[in-house]
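Colleague: Quick one, what's the 3D model for this:
(chains A, B, C and D, ligands or ions: 4)
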Amino acid sequence: MSELEFRTAVRDAIAEELDRDPSVIFFGEDVAVAGGVFKATPELFERFGPERVFDTPISELALAGMAYGAAVTGLRPVFEIMFGDFMALPMDSLVNQAAKFWYISNEQGSVPLVVRSAVGGGGRFGAIHSQTHATWYQGIPGLKIVFPSSPAEAKGLLKASIRDDNPVVFLEHKRLYSVKGPLPEQEVIPIGQAGIPRRGEDLTIVSIGKSVADALAAAEALGQDGVSAEVVDLRSLRPLDLGTVLESVSRTHRLLAVEEGPMIGGWAAGLLGAVAAEGLHELDDAWILATDETPIPYSPTLEDAFIPDTESILASVRSRAGVVAG
Amino acid sequence: MSELEFRTAVRDAIAEELDRDPSVIFFGEDVAVAGGVFKATPELFERFGPERVFDTPISELALAGMAYGAAVTGLRPVFEIMFGDFMALPMDSLVNQAAKFWYISNEQGSVPLVVRSAVGGGGRFGAIHSQTHATWYQGIPGLKIVFPSSPAEAKGLLKASIRDDNPVVFLEHKRLYSVKGPLPEQEVIPIGQAGIPRRGEDLTIVSIGKSVADALAAAEALGQDGVSAEVVDLRSLRPLDLGTVLESVSRTHRLLAVEEGPMIGGWAAGLLGAVAAEGLHELDDAWILATDETPIPYSPTLEDAFIPDTESILASVRSRAGVVAG
Amino acid sequence: MADVQSAQQTESMTLFLDAYARMVLIRRFETAIHRLFLEGHVHGTTHLYAGQEAVAVGTCLALEPEDYVTGTYRGHGLALAKGTEPGALVAEMLGRASGVCGGRAGSMNVVDLEHRLVGCYGIVGGSIAAGLGAALSASRQGRVSVAFFGDGAANHGYFHECLNMAKVAMLPLVFVCENNFYAEFTPLDAATAGGDIAGRAKAYEIPSAVVDGNDLWAVHAAASTAVERARGGGGPTLLECQTYRHYGHSKSDPAPYRPKDEVQQWMERDPLKLARSRLLDDGLTEERIVAVEEEAEALMEDAVRAAKDAPYPDPRSEAATEFRP
Amino acid sequence: MADVQSAQQTESMTLFLDAYARMVLIRRFETAIHRLFLEGHVHGTTHLYAGQEAVAVGTCLALEPEDYVTGTYRGHGLALAKGTEPGALVAEMLGRASGVCGGRAGSMNVVDLEHRLVGCYGIVGGSIAAGLGAALSASRQGRVSVAFFGDGAANHGYFHECLNMAKVAMLPLVFVCENNFYAEFTPLDAATAGGDIAGRAKAYEIPSAVVDGNDLWAVHAAASTAVERARGGGGPTLLECQTYRHYGHSKSDPAPYRPKDEVQQWMERDPLKLARSRLLDDGLTEERIVAVEEEAEALMEDAVRAAKDAPYPDPRSEAATEFRP
Ligand SMILES: Cc1ncc(C[n+]2csc(CCOP(=O)(O)OP(=O)(O)O)c2C)c(N)n1
Ligand SMILES: Cc1ncc(C[n+]2csc(CCOP(=O)(O)OP(=O)(O)O)c2C)c(N)n1
Ligand SMILES: [Mg+2]
Ligand SMILES: [Mg+2]
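Modeller: Numbering: from 1, shown residues only, chains lettered A, B, ... in the order given. Ligands and ions are numbered 1, 2, ... in the order given. Prediction:
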């Protein structure tokens, strides 16, 4: 039976786009000769050569600036900032150059680049190798933020990101790399359309990335309780597919947003706020499951308690008043 | 009649803390000899000398790292990153060093630093000198984000920030520097407590920084319509004083959050979400007034239309169904 | 033989006369912008290039139209040197719809892709990285990229990371540091360890040179060598062009921090003065020189008049989009 | 006279014997961590210091207890060299409540303020800026700050900005670049323009030296000079200590990218071997050396046993706070 591993999906997406379009290039730290520290990009260097796929010095700010300048002048750079935690370093170029160009140039041109990073906790990498930088960037108009939840999404969304004429911040959850799943049905998954991997009537659980699988598992278990939970997979945080969430809530009237990150300044709270502003009277209940408001701990006991998972989603739904069988 | 100018309040706060505590130092680009590009820090250099107040090269990342390392080893650095737009450059040190230290060191020590920046639009400075970086940083546990709305707040909150044992991101709105206002009543304004500069019954308008004055002016005008609006001044985005907002909403049942920035990924949507999660059934209505989802334009006609002001707050309230005289 | 020589001479003379005309245009442009700022037509802030004209013009004289340049917020001179239409540039400063960026960018952030001006950057150091990226494209297009930046930018992480990257990848990039000896109000020596910007290239094994940035011919010669090296696959070069700004850093900064005699000495070496007398020495007639000067004058007057009459963008009519569809 | 001399000799000999003992302890520590990682007791990832012991130990030998150090994710050796209790350090790697950071930090981010280890940083270059800041405090405390970092970090903006800042402010900072010739899987020459890290200090007028990082005495001598300079107000120094890591970059990276003979040559110059024979040459008896070796061995065994028996932090009981109250 043909299944696809997440890391292979990433590699294949890049390979197919390198094949398809000679203006696509791929670079980063130890992504070429070594094939990436998460072994997500092996054999691209061998196959496409040093002109298209190359390693760089440890210079995140210059990497992003180089990608921006190259994108404005005819190339379509895909580059890796190894861990999402390092995405604070290239931020100036991404925010003040790439994100602004299309608008302030009065649409003279745009910036087709993709910056990939491994994000998220649970790997015992500690506070500075486990963060998810999506919310640092969500408030930046002009930057797309894409975060796949499965191998099929990784491939379809990464291909869409590489073909997109705008800068894309692409997140890959560490604990998804070794996950296997069905092959994609579409070659390209359009950016900005949330998915509904599970239909339900009593409750809408919205999430993104790794947490989608946890939400699905929790929804299964809730079925035993007689609670029918719908799961929405946002896929991107900008553009934000509010419409799909509102439509779902108009049927379930209950909303739980699950975020692997703090509640304050997080995307989950922002989503609830946007839903409240548009569909307040559709809501019977709405709440957030997030992490504690602290950095991410290293110790297994602390990290396991810190990160939302299937159990904590279940516990959160069960303890929340008002969720009853439909 | 004794009034205080915002820029003088900033200067006096730093001067008084330099006086009070020999471990306080102040540095930045052209803040010492030249007294700052917004003339907010004149005469500190003359008064305290080059050991306590000094100019630096244009090296934002090193500035933040220097402040962090100094703060951990006995000093209390206050430094300036001239424009908030530049706050993408020192982010790594602030996020991965300063914000994490207290927690991951297991509370061996903390990081008493303050980083001041001029933020906000309306000054015709264009897309890369008009941003407000608060939301880039709001999702970072361990960092306080303080944003005064008046000269009195500027002084009381800056003094509190300098005395705080944690890293503080301090925002000064460009269009407040020349504003005059009454002297502070308290020497120090505690960080994390929102203010309620105006009481009302029909509607709660929540904002921060420059927009608070706009909200107050709009509330006055709404009085003519017979709508009694309460205004909440958050003062800080982390810690976030949700309690004060919830209490206000429990009386007015209507919430408008006004943000000078985009709605997606903004603090206003997050605030609405947090309120919905805690007090959904108190809400008869809740919405957000924010900017367009684009960079900030230079041209006066475009920028004026872009930035929320008294008129747009008024228009938003009047056009929103359901706000009626109490 | 003699004919050929003189033919070459006249050719080169008209070349430099055109360059001088461009320098005059820039000077008039900045004089106009300064006045327009004081009159409230230019908003926010503006950073004038007057005094540094020979750097942008001399460098661009060594470039092909398809070669890329990136500049700073002090970029009006670079834009005009690379070919941006003066009228569209004034209109941008005035925030008009007819501006080169429709009034969206303003004085600090001009983009003109048609003339391969990738951008002007309000962030110190940003122009270096943008130029590095353009060099990556240029290396595949037989083109060259030139990044302009100031002496203050030489203390920024952008500078170091890009020097190293450009050399490692052997990119066709010319780093042009416009050393006007001040970063805002801070003198070079107070912020720049060693004080030798060109010297910072050595450790990366990048060829570098200190250039008289007020001498059009010197800049052109140094730039030509660097551009040839880049085009020939020889990798990056760092040029430290020493020059001086006639105005303060921005707005109406009177620059009290600059010693009178220092200003005096530099004013005597005004790049326009130097170029003018060199052209006369080379045998050009006063008439021809006056002619191009008057032309520039007239060009600017028309540009300003047209810009002032141009409409502002209408926020209701213009449908700005966050993303390219 | 002869007595004085021999007294000094024995004093210095015991000094270096203690240093050797510390190097042995670090080696045993890393051997233990490697095993514990493969056994699943150490989680996530870990970066071993084996092979580079002489750099941290030789440098710290030139420091006062109150002097500050900052290091990288490859920081176990530095922590032990500066005085961190081995038991507390193993426990940290194992994520136990008795860890030096209560198990919150882990292998990459150790902090031990009691021993003036300001921190170890998972971000390449972070240690340099942290050391710069510590130097600012140190300059007011009569102390010195030493920032450790790798060859790969020399290509980062942090490196350049901090070199310049340290020199401009004449801070008592010693930059110790541990050049082990690889940044992860990338050889020095592939990423470092010019290939001469020490040489990069010249343009800033910062004194620098290339040091045999596997020779305890050479490192100590170079560090002593730099520390004296810093303490005397002479400002920063850059030391490029050339060394080699015995393990792969992290985890169980077998380092296939390193030529066999290169590894062979470096193994022959194992800093422990070199120090041991030097001590014997200097007249120390085999017995005394074996004694300290066995002591280190025993110390590590106890440390590991204690750590394994220590409880994990209890998420319910521990009230973590985001802010210092
Ligand atoms: C990263 C960054 N830091 C600070 C500033 C504020 N600033 C604008 S211009 C300037 C001085 C730059 O000096 P230099 O590089 O010599 O260029 P010049 O203005 O002299 O042409 C500074 C500090 C900025 N725009 N960007
Ligand atoms: C800013 C940043 N970029 C990339 C990484 C990933 N990374 C971790 S170690 C390393 C190599 C560093 O090499 P070097 O500085 O020589 O130190 P060494 O590991 O050899 O001791 C890299 C690229 C990181 N941790 N931080
Ligand atoms: Mg300058
Ligand atoms: Mg190395």
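Colleague: mind listing what residue A:207 touches?
Modeller: The neighbours of residue A:207, taking CB atoms under 8 Å, 6 or more residues apart in numbering or on different chains as the test, are A:149, A:214-215, A:231-234, A:257-259. Every C-beta, even on glycine, is put in place using the N, C-alpha and C of the backbone.
Colleague: of the residues you listed, closest to chain B?
Modeller: Taking CB to the nearest CB as the measure, chain B lies nearest residue A:257 of the contacts of residue A:207, at 7.8 Å.
Colleague: how about the closest one, secondary structure?
Modeller: Taking DSSP: H, G, I helix; E, B strand; the rest coil as the rule, one finds residue A:257 in the strand state.
Colleague: Going along the chain, name the strands of the stretch 101-250 of chain A.
Modeller: Counting by DSSP state E, counting those that start in this stretch, the segments of the stretch 101-250 of chain A that form strands are A:114-119, A:144-146, A:168-173, A:180-182, A:195-198, A:203-207, A:229-233, A:236-238.
Colleague: Sorry, slip of the keys, the one I care about is chain C.
Modeller: Secondary structure of chain C, counting by DSSP state E: strands at C:68-72, C:117-121, C:145-150, C:173-179, C:182-183, C:186-187, C:208-212, C:237-242.
Colleague: ok, the fifth one near chain D or not?
Modeller: Spelled out, that is strand C:182-183. No. No part of strand C:182-183 sits near chain D under the criterion CB under 8 Å from any CB of the partner chain; the closest distance found is 12.2 Å.
Colleague: and that strand, which strands flank it?
Modeller: strand C:186-187 (antiparallel) (DSSP bridges).
Colleague: so what's residue A:236 up against?
Modeller: Applying CB under 8 Å, 6+ apart, we find residue A:236 in contact with A:144-147, A:157, A:191-192.
Colleague: now, which of those residues sits nearest chain C?
Modeller: Nearest to chain C among the contacts of residue A:236 is residue A:144, at 7.1 Å by CB to the nearest CB.
Colleague: count of neighbours near residue C:269?
Modeller: Counted with other CB atoms under 10 Å in any protein chain shown, residues neighbouring residue C:269 total 15.
Colleague: coming back round to it: any chance of the contacts of residue A:207 in a markdown table with pLDDT and neighbour count as columns?
Modeller: A markdown table is the format used below for the contacts of residue A:207 (pLDDT from 0 to 100; neighbours: other CB atoms under 10 Å in any protein chain shown):
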| residue | pLDDT | neighbour count |
| --- | --- | --- |
| A:149 | 98 | 29 |
| A:214 | 98 | 25 |
| A:215 | 98 | 30 |
| A:231 | 98 | 29 |
| A:232 | 99 | 27 |
| A:233 | 99 | 26 |
| A:234 | 99 | 27 |
| A:257 | 98 | 30 |
| A:258 | 98 | 23 |
| A:259 | 98 | 26 |
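Colleague: ok, how many other residues are close to the residue of chain C found nearest ligand 3?
Modeller: Nearest residue of chain C to ligand 3: residue C:150, at 3.8 Å (CB to the ion). As a burial measure, residue C:150 scores 27 neighbours (other CB under 10 Å).
Colleague: where does it land on pLDDT?
Modeller: At residue C:150, the pLDDT value in this model is 98.
Colleague: can you pick the most crowded of the contacts of residue A:236?
Modeller: Neighbour counts for the contacts of residue A:236 (other CB under 10 Å) peak at residue A:146, which has 30 neighbours.
Colleague: Now do the same contact list for that one.
Modeller: A:157-158, A:160-161, A:168-171, A:191, A:235-236.
Colleague: what about the helix or strand harbouring residue A:79 and chain B, touching?
Modeller: Using DSSP states H and E, residue A:79 sits within strand A:76-83. No. Counting by CB under 8 Å from any CB, chain B is not contacted by strand A:76-83; separation bottoms out at 10.3 Å.
Colleague: Off-centre distance for that strand?
Modeller: Centre-to-centre, strand A:76-83 and its host chain are 14 Å apart (CA atoms, centre = their mean, to the nearest Å).
Colleague: Show me what that strand is packed up against.
Modeller: helix A:6-20, strand A:24-28, helix A:60-72, strand A:114-119 (3 or more CB pairs under 8 Å, 6 or more residues apart in numbering or on different chains; DSSP states H and E).
Colleague: Output the contacting helices and strands for the longest one.
Modeller: Under the contact criterion of 3+ CB pairs under 8 Å, 6+ apart, helix A:6-20 touches strand A:24-28, helix A:44-48, strand A:76-83, helix A:151-163.
Colleague: Show me the strands paired with the helix or strand just after the second one, marking each as parallel or antiparallel.
Modeller: The one in question is helix A:44-48. The helix or strand immediately downstream of helix A:44-48 is strand A:53-55, counting by DSSP H and E. Partner strands and pairing direction for strand A:53-55 (DSSP bridges) are strand A:24-28 (parallel).
Colleague: what's the closest residue to residue C:76 other than its chain neighbours in contact with, if anything?
Modeller: Counting by CB to CB, 6 or more residues apart in numbering or on different chains, residue C:49 is the residue found nearest to residue C:76 once chain neighbours are left out, at 5.3 Å. Contacts for residue C:49 (CB under 8 Å, 6+ apart) come out as C:26, C:30, C:56, C:74-78, C:245.
Colleague: Need those in JSON lines (columns: neighbour count, pLDDT and distance to residue D:63).
Modeller: Shown next, in JSON lines, are the contacts of residue C:49 (neighbours: other CB atoms under 10 Å in any protein chain shown; pLDDT from 0 to 100; distance: CB to CB, whole Å):
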{"residue": "C:26", "neighbour count": "29", "pLDDT": "98", "distance to residue D:63": "56"}
{"residue": "C:30", "neighbour count": "26", "pLDDT": "98", "distance to residue D:63": "55"}
{"residue": "C:56", "neighbour count": "31", "pLDDT": "99", "distance to residue D:63": "51"}
{"residue": "C:74", "neighbour count": "25", "pLDDT": "98", "distance to residue D:63": "46"}
{"residue": "C:75", "neighbour count": "31", "pLDDT": "98", "distance to residue D:63": "48"}
{"residue": "C:76", "neighbour count": "29", "pLDDT": "98", "distance to residue D:63": "53"}
{"residue": "C:77", "neighbour count": "29", "pLDDT": "98", "distance to residue D:63": "52"}
{"residue": "C:78", "neighbour count": "30", "pLDDT": "98", "distance to residue D:63": "50"}
{"residue": "C:245", "neighbour count": "23", "pLDDT": "98", "distance to residue D:63": "46"}
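Colleague: Reformat those as TSV; add distance to residue A:249.
Modeller: Shown next, in TSV, are the contacts of residue C:49 (distance: CB to CB, whole Å):
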residue	distance to residue A:249
C:26	59
C:30	57
C:56	57
C:74	52
C:75	49
C:76	52
C:77	56
C:78	53
C:245	59
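Colleague: residues touching residue C:151, list them.
Modeller: C:177-183, C:188, C:192, C:197.
Colleague: Most neighbours of all these, which one?
Modeller: residue C:177 (29 neighbours).
Colleague: Quick check, it in contact with residue C:239.
Modeller: Yes. In terms of CB atoms under 8 Å, residue C:177 counts as a neighbour of residue C:239; the distance is 6.9 Å.
Colleague: any shared contact partners between those two?
Modeller: Taking CB under 8 Å, 6+ apart as the contact rule, residue C:177 and residue C:239 both touch residue C:198.
Colleague: Tell me the bridge partners for residue A:54.
Modeller: Applying DSSP bridges to residue A:54 gives these bridge partners: residue A:27.
Colleague: isn't it right up against residue A:34?
Modeller: No. When contacts are counted by CB under 8 Å, residue A:54 is not listed as touching residue A:34 (11.9 Å).
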